[in-house]
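S.K.: starting from these lines, generate the structure:
(2 chains)
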Amino acid sequence: QQQVKQSPQSLIVQKGGIPIINCAYENTAFDYFPWYQQFPGKGPALLIAIRPDVSEKKEGRFTISFNKSAKQFSLHIMDSQPGDSATYFCAASIAGGTSYGKLTFGQGTILTVHP
Amino acid sequence: DGGITQSPKYLFRKEGQNVTLSCEQNLNHDAMYWYRQDPGQGLRLIYYSQIVNDFQKGDIAEGYSVSREKKESFPLTVTSAQKNPTAFYLCASRGLPAEKLFFGSGTQLSVL
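M.R.: Model prediction:
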């Protein structure tokens, strides 16, 4: 009930490509969905987040698409660059109050962008 | 320079030993969290604290203990009861009521 399933495990694209990472959740009480980016040996950093009242959110080259009925959301990276090579995690939580920091994370996707 | 400082970066534990991981923040955040990261897995919540002198268990608290005596500090002790302690440990904080979590750079704990 608490799981967030993320795919693929790893992804290789050429510079300028559009990698897509998918996540599916089970708990219908989840209503806050952030994506984190992590470089080797570092902690994750918040990239972009969405709530289920919208179906899409864009910030720069990063876009989240959200499908509430399917309980799925995805991250698209436009015009990917070698500097985007990192591990990406989707996450979910119940919004509000004390729950925001209690995130359930997906398993992570290792993205490699070749020059 | 505001942020979260975790120390040490690398830590080795012997059998039967308790070890303590340090987490200090100067962001004036009320809430602090400890997550564990294993290779190929997502992060899992160990303990969290919303306020000084109060903390709650997360999803995998067994074999761990914490304290929150100061707003800035949230140390994690990995006890000898934790039979599989090798992992990357991440501390995070959040300024209430904001939603964004800020993470430290982590501590890699290994068993000798």
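
S.K.: leaving out the residues flanking it, which one is nearest to residue 98?
M.R.: Assuming you mean chain A. B:Q50 (5.5 Å; Cβ to Cβ, 6 or more residues apart in numbering or on different chains). Placement of C-beta: from N, CA and C, glycine included.

S.K.: try again with chain B
M.R.: For B:A98, ignoring the flanking residues on the chain, the nearest one in space by Cβ to Cβ, 6+ apart is A:Y100 at 7.7 Å.

S.K.: now do B:Y35
M.R.: Of all residues not flanking B:Y35 in the chain, B:L43 sits nearest, at 4.1 Å (Cβ to Cβ, 6+ apart).

S.K.: so how far is A:A70 from the one you found?
M.R.: Per Cβ to Cβ, to the nearest Å, B:L43 is found 24 Å from A:A70.

S.K.: just B:Y64 next, same as before
M.R.: Per Cβ to Cβ, B:Y64 is found 36 Å from A:A70.

S.K.: out of these two, which sits in the busier spot?
M.R.: Neighbours were counted for B:Y64 and for A:A70 using other Cβ atoms under 10 Å in any protein chain shown; B:Y64 has more, 21 against 8.

S.K.: the more buried one and B:P75 touch, don't they?
M.R.: No. Counting by Cβ atoms under 8 Å, B:Y64 does not reach B:P75; the two are 10.9 Å apart.

S.K.: for chain A, just list every one of the strands.
M.R.: Along chain A, the segments classed as strands by DSSP state E run A:4-7, A:10-14, A:20-25, A:33-38, A:45-50, A:56-59, A:62-67, A:72-77, A:86-92, A:104-105, A:109-114.

S.K.: which bits of chain A sit near chain B?
M.R.: Selection of chain A residues close to chain B by Cβ under 8 Å from any Cβ of the partner chain yields A:2, A:4, A:6, A:9, A:32, A:34, A:41-46, A:49, A:89, A:91, A:95, A:97-98, A:100-108.

S.K.: repeat that for 10 Å
M.R.: Counting by Cβ under 10 Å from any Cβ of the partner chain, the residues of chain A lying close to chain B are A:2-6, A:9, A:32, A:34, A:36, A:38-39, A:41-46, A:49, A:51, A:87, A:89-91, A:93, A:95-108, A:110.

S.K.: right, I'll leave it there.
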